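Trainee: sequence unknown, structure follows:
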């Protein structure tokens, strides 16, 4: 059965029931298009003037389809708020007094880092020893289906199916 389109007003009622400290949500109607945009906003001093007067800050826009269920609309709002908080965290995170995780780095600069082959990684470790299972551990259900393939594959005592 086809789902009815959720109107802007119906979607706005869902958004109006969402609360989160330090953040507000705005649903934007895109005239002539199917769907809406959801944007997070809050007041905070500009990152380049942290002692300045708080200014309106706006997050990226998230598409909200008129076909979304109520749960999908709420989850999209949660994602928008989470992304906004991550953005703010990245702006304020510093190492050696530099914003090393800034969300404002251009994609060209990020690609340049990739091209420089400046990855920081550890030497690979030796493979871990197999996990020893207690004698009563089962890898197969009563019906003979494997219930934990990771452990089965790591412990040769557990590789065979039970006798029928």
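Mentor: In hand now; what should we look at? Source: prediction; values computed, not measured.
Trainee: can you pull the contacts of the closest residue to residue 51 other than its chain neighbours?
Mentor: Excluding its sequence neighbours, the residue lying closest to residue 51 (CB to CB, 6 or more residues apart in numbering) is residue 45, at 6.7 Å. Every C-beta, even on glycine, is put in place using the N, C-alpha and C of the backbone. Applying CB atoms under 8 Å, 6 or more residues apart in numbering to residue 45 gives the contacts 51-55.
Trainee: in this protein, what spans have low per-residue confidence?
Mentor: The model of the chain has pLDDT under 70 over residues 1-3, 132-164.
Trainee: all strands for it, in order.
Mentor: 24-29, 36-44, 55-64 (DSSP state E).
Trainee: so of those strands, which one's packed in deepest?
Mentor: strand 36-44 (a mean of 18; mean count of other CB atoms under 10 Å).
Trainee: Report the angle between it and strand 55-64.
Mentor: 160 degrees (axes from the mean of the first three to the mean of the last three CA atoms, to 10 degrees).
Trainee: ok, the residue nearest to residue 51 to residue 7 distance?
Mentor: 38 Å (CB to CB, to the nearest Å).
Trainee: do residue 94 as well
Mentor: Relative to residue 7, and taking CB to CB, residue 94 is found at 45 Å.
Trainee: Same question for residue 15.
Mentor: Using CB to CB, residue 15 is found at 13 Å from residue 7.
Trainee: Counting neighbours, go ahead and name the busier of these two.
Mentor: residue 15 (18 against 12; other CB atoms under 10 Å).
Trainee: wait, the more buried one sits on residue 37?
Mentor: No - judged on CB atoms under 8 Å, residue 15 makes no contact with residue 37 at a distance of 11.5 Å.
Trainee: who touches both of these two?
Mentor: Listed as contacting both residue 15 and residue 37 by CB under 8 Å, 6+ apart are residue 27.
Trainee: Domain map for this structure?
Mentor: Using automatic domain parsing, the domains assigned to the chain come out as 8-103, 132-159.
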